[in-house]
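Engineer: how would this look folded up:
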Amino acid sequence: MDKILEALVCSNHTVPVKKAIVKKVVEAAEKEVTSEQCKALYTLTARLILLGEDSFQKQVGFQVMEAYARYHRTEFQLFFTKDFVLGLLQQGYDRLECKDPAIIDYIHCCLRLLISCPSVLEIFTVLQVELLRMVCERPKPALCARISTLLSDFVQCIPREKSAVLFCQQLVRTISYFHCPASQERELREYVGQVTKVSTLLQNIWKAEPATLLPSLQEVFTIISSTDPSFDPAISLASLVQHIPLQMITVLIKSLTTDQNVKDASMTKALCRMIDWLSWPLAQHIDTWVIALLKGLAAVQKFTILIDVTLLKIELVLNRLWYPIVRQGALVVLSHMLLSFQHSPEAFHLVVPHVAHLVQTLRTDGLSSSKAFLLQFTELIHCMMYQYSGFPDLYDNILEAIKDLPKPAEEKIKVVLNQSAWTSQSNSFASGVLRQAGKSETGKTGLVNLGNTCYMNSIIQTLFMATDFRRHVLSLHLSGTNMLMKKLQLLFAFLAHTQRAAYTPRNFFEASRPPWFNAGSQQDCSEYLRFLLDRLHEEEKTLQILQSAKPMNGPLTLAASQAPAAQSPPEGTKELHFPAEEPQPPEDSRTLIERMFGGRLSTGIRCMQCNSISQKEEPFTDLSLAFCPSSTTTTSSSSQRTPSSAADRPSEESKGLGQGSVNGGSEAPELHGPAKSPVTVPGGVGGHSAPVTNEPPLSVPDLVNYFLAPEILDEENAYFCDTCSSLQRAERTMEVVAAPEYLILTLLRFSYDAKCHVRRKILDNVTMPPLMTLPLHSPPPSPSPHRPPATAAVSSSSSLCPIAPAPPPPPLQVDSPESSENLAKKLKPSQREEEGEDEEVEVVEEEEKQVNGGTDGAEQMEGDGRTVSLVPYVLSSVVMHSGTSSESGHYYSYGRSLSGAGGRRHPLTGQSALEKRHLEAGEEAGPGSAAMTRPLSMQAEAWPGGAQGRRDWMLFNDSRVSFTSFQSVQNVTDRFPKDTAYVLVYRKQEASVLDPGRGGTPNGMSTSAEPPLQKELLDAITKDNKLYLQEQELNARAQAIQASSSSCSFKHNGSDDNDPPGSCGPSGGGGGGGGFNTVSRLVF
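Structural biologist: You can find the predicted model right below:
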């Protein structure tokens, strides 16, 4: 029978003929057959099954074997013995290797035929041993899947007790070798199916024998935490996660994170590989385990691992969002990683370039689940942009992509951020490493955030971009190394010439930090700027005193300007208040701060009863501008001036520079009495939302006009007149009598609410003109070469000068009952715009007529013989505050190189256009006109030549420096409502600069090029640049060693142990700082 069957299957007959004859053979199994014939048939069927050339031969073998084994079981037991099975598993069959999956399939089929026979027990025993041996030999996925199928059907073949633990551990390790080289979908499906069969077997064993579970999980961790460079475990281990009971999460994670034997490098490897498991298509709960491990590491403050893993894997996690089958789990992990990584925006900025493309993909992929997923993803992005709102240029594309999608409420964002934050001290993050790259395309150097030092960084960059000031600082010849000016000079030199992308200003920070500023806490940049300028001023004054006491000791400051210092008159005899057209007093005895940033204000109070005038002058380094009260607010005229006006303070010559009338601080104090403060926050509870209004936004000229507007002192603010010896109604005026080279304007955005005991921020948008003019008042010409005593003593607040009153200007009718009406109403930009084009033309024509009698349209005579000059200023820098509180948020700055002489690079075209801009300041320009005493012009339109479109501005955001345009500077608050202009710097431009045809050097103090570095500074920079190159080389070598040793720590070898602490750590673009217990302290 066996010969006939063998000849038949190998013949050339058609398949139907062969099937018919095979059917006859199968039916003959019911008849009596000798033992020899059965053995021959079993041997033939084994050969057909194991060595058959095609599927037909294998199928015939299975059919005949099953038929004869059913009717002749005794003979089949004698054929399929334990020795025969052992031979198959150890030696194979003929030319078939023992590891061929066909052998396992053959054994599996035979066991089903012998399941009720006693002899099968002996075969089970053999299989327990042999299958364990085969698993230890790391079978391939196909063979292991066949073994798993066999063991799932015949659990008696699974090793028992200790052998069961070993079997599970070896099976886990075998799975770790299941790499998938396939690229076709069919092959991938087959591979996933094979892995699923093996993991299902393990699940069944763990359920049957719970003692095998923990050793199996320990083996999993041992595998994924391996740092062996020759071994990379397969992602197929992810298939086991779904079978681990979730009830074990707490115990397992605590055990792993507190085990002192687990090194950080091993834990980092393990976590990275678990995150890789997110790519496994069918596994469940991987995101749950990954987040549990991340939280466990945060609980034991292993933040180095968390930082390294996040920066290493955040982009891979985002990449998983493109695949719908693993999208949801990947989003959960991505959300946790981004929301918990709150000490720095670096992780978020790694994924920012891919967000807009992903949003577009989700919109167009056509899947029903994509819409809901897109809403979840957009909510996450809104949270991150809220957290790191100080990076407008990075987020423009994202905002455009998600502009029509809903935005979560601010309170919800705060709750989400607060729940996800790492609760740690800032120094726990000291291992973060700034991945230095080359300088940005701007060629400028950033400043590393040392832990909430963005306030200092923005001010330093603003001073550095004050070109004339920087050049003078770099030209100084200083001897003392402990001088603050010396440290500033060194810092400027490094910013100008270092090869580093970002410089660490640690020494300057320690030297310049005000004593009351707590290190690591957010501070007010305006307060820091005043303290810094005052320190530099007082330091130079001290040097001048020492120099005058020891004239032979040589110059201590700028050699070019200090050489003739001995020939200058004493400071007390200087006359600082001459009009602009008169010869300037010698500048030698003035400090550099006075020459660059110093101006003078004259405050006059006129008693409206006797017309006597009290006048005094005070220096200023910046103007603190309060916001105009809303036109709908009814207030008395006594509340229309910032509390820091000159008349409210005694004049003291001993007072340091910058302590004058307009340096009242960045916080507007709450006014007492029935008058309402002009700096209350309109719109929204808590002062954190900008008002909704149809009126155009305020402009910087509006605020300066409001600052210089006359004020009526009445009722509880009545003025005590010495002449009348009683409280009288009076008019207070403020005039600029000496214009600074750099005009610093601080917007009083923070006010203190005495009722709620909180500091609030005014989020009103303020437009910033690129060019404006400041009215400069000069005294009437004196008939004698010497000033009269009354003029020389104008700084005395007690000097009263009864004079015949000039006719009151038409707009200011002080004797009218309406004179106390809010003058700010006349200064709202909407008032001028509502005039219409026809009225504007008439005003311009009238102004042109009036200006024909003046000097170039920039000077007018007042009724008392004094002149008013319009000094043009060009916007140089802007410091932005991002946030809703003065005690949190982020500072960054915009700037461009601009000097008195450098203005030629940005000329204004046409004298008539310039005259028109100068004349736009006042509505009436006649002699004695009140509007002429406080004009300020603004250009709402673009600069000629399309300056708004040019990228001639730079954005300084801690370590990050990038090009931007003036249009971006103007529109930043429209795009990011929390980002508001706070400190503005304008550079004075003389007419000769604005009109290149006139020639001349403005102010007589501008230099046309960067000064050469002194040898000491050059040596320091050269040494540091060499050190930087060595660091780069060491980092490259370390990365090569790291790759070969597979150490996954992201900390570069040779990193600076003095890296900035915590949240403000050395990340690309700065980072947070201070404590992380509340959202309000999450600053970067």
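Engineer: which residues of the stretch 651-800 of the chain score low on pLDDT?
Structural biologist: Along the stretch 651-800 of the chain, the model assigns pLDDT under 70 to residues 651-694, 779-800.
Engineer: Now the longest strand anywhere in the chain: average pLDDT?
Structural biologist: Under DSSP state E, the strand in the chain containing the largest number of residues is strand 867-882. Averaged over strand 867-882, pLDDT sits at 92.
Engineer: In PDB, could you pull the C-alpha coordinates for it?
Structural biologist: The C-alpha coordinates for strand 867-882 follow below in PDB (Å, rounded to 0.1, in the frame of the first residue of the first chain):
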ATOM      1  CA  THR A 867      11.800 128.500  22.200                       C
ATOM      2  CA  VAL A 868      10.500 125.000  21.800                       C
ATOM      3  CA  SER A 869      12.500 122.600  19.700                       C
ATOM      4  CA  LEU A 870      11.200 119.300  18.400                       C
ATOM      5  CA  VAL A 871      13.900 116.800  18.900                       C
ATOM      6  CA  PRO A 872      13.600 113.700  16.700                       C
ATOM      7  CA  TYR A 873      14.000 110.300  18.100                       C
ATOM      8  CA  VAL A 874      14.200 106.900  16.400                       C
ATOM      9  CA  LEU A 875      13.100 103.700  18.100                       C
ATOM     10  CA  SER A 876      16.200 101.600  19.000                       C
ATOM     11  CA  SER A 877      15.100  98.800  21.400                       C
ATOM     12  CA  VAL A 878      12.000  97.400  23.100                       C
ATOM     13  CA  VAL A 879      11.900  95.200  26.100                       C
ATOM     14  CA  MET A 880       8.800  93.000  26.100                       C
ATOM     15  CA  HIS A 881       7.200  91.400  29.200                       C
ATOM     16  CA  SER A 882       5.300  88.200  28.600                       C
END
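Engineer: Show residues contacting whatever helix or strand comes next after it.
Structural biologist: Per DSSP states H and E, the first helix or strand lying C-terminal to strand 867-882 is strand 890-895. The contact list for strand 890-895 (C-beta atoms under 8 Å, 6 or more residues apart in numbering) reads 388-391, 454-455, 457-459, 461-462, 464-465, 525, 876-883, 953-958, 964, 969, 982, 1070, 1083-1084. From N, CA and C alone the C-beta is placed, and that goes for glycine too.
Engineer: So which bits of the longest strand of the chain are buried?
Structural biologist: 867-882 (16 or more other C-beta atoms under 10 Å).
Engineer: same question, stretch 532-552
Structural biologist: For stretch 532-552, the neighbour count (16+ other C-beta under 10 Å) marks 532-541, 543-544, 547 as buried.
Engineer: Least confident of the residues you listed?
Structural biologist: Here the lowest pLDDT out of the buried residues of stretch 532-552 sits on Gln547, with 79.
Engineer: and the gap between that one and His881?
Structural biologist: Separation of Gln547 from His881 (C-beta to C-beta, to the nearest Å) stands at 40 Å.
Engineer: what's the answer for Ala493, then?
Structural biologist: Noted for Ala493: a distance of 29 Å to His881, by C-beta to C-beta.
Engineer: Low-confidence ranges, the protein, go.
Structural biologist: Looking at the chain by pLDDT under 70, you get 1-2, 421-438, 550-588, 629-694, 779-865, 899-950, 990-1009, 1033, 1036-1037, 1039-1084.
Engineer: ok, now with 50
Structural biologist: 423-436, 553-585, 587, 631-666, 669-692, 783-857, 901-948, 992-1007, 1046-1084 (pLDDT under 50).
Engineer: secondary structure class for Pro1011?
Structural biologist: coil (DSSP: H, G, I helix; E, B strand; the rest coil).
Engineer: What separation is there between it and Asp764?
Structural biologist: Separation of Pro1011 from Asp764 (C-beta to C-beta) stands at 41 Å.
Engineer: which SS class is the residue nearest to Gln1014 when sequence neighbours are not counted?
Structural biologist: What sits nearest to Gln1014 in space, not counting adjacent residues and going by C-beta to C-beta, 6 or more residues apart in numbering, is His477, at 7.0 Å. State at His477, reduced to three classes by three-state DSSP: coil.
Engineer: Before I go, just wanted to say thanks for your time.
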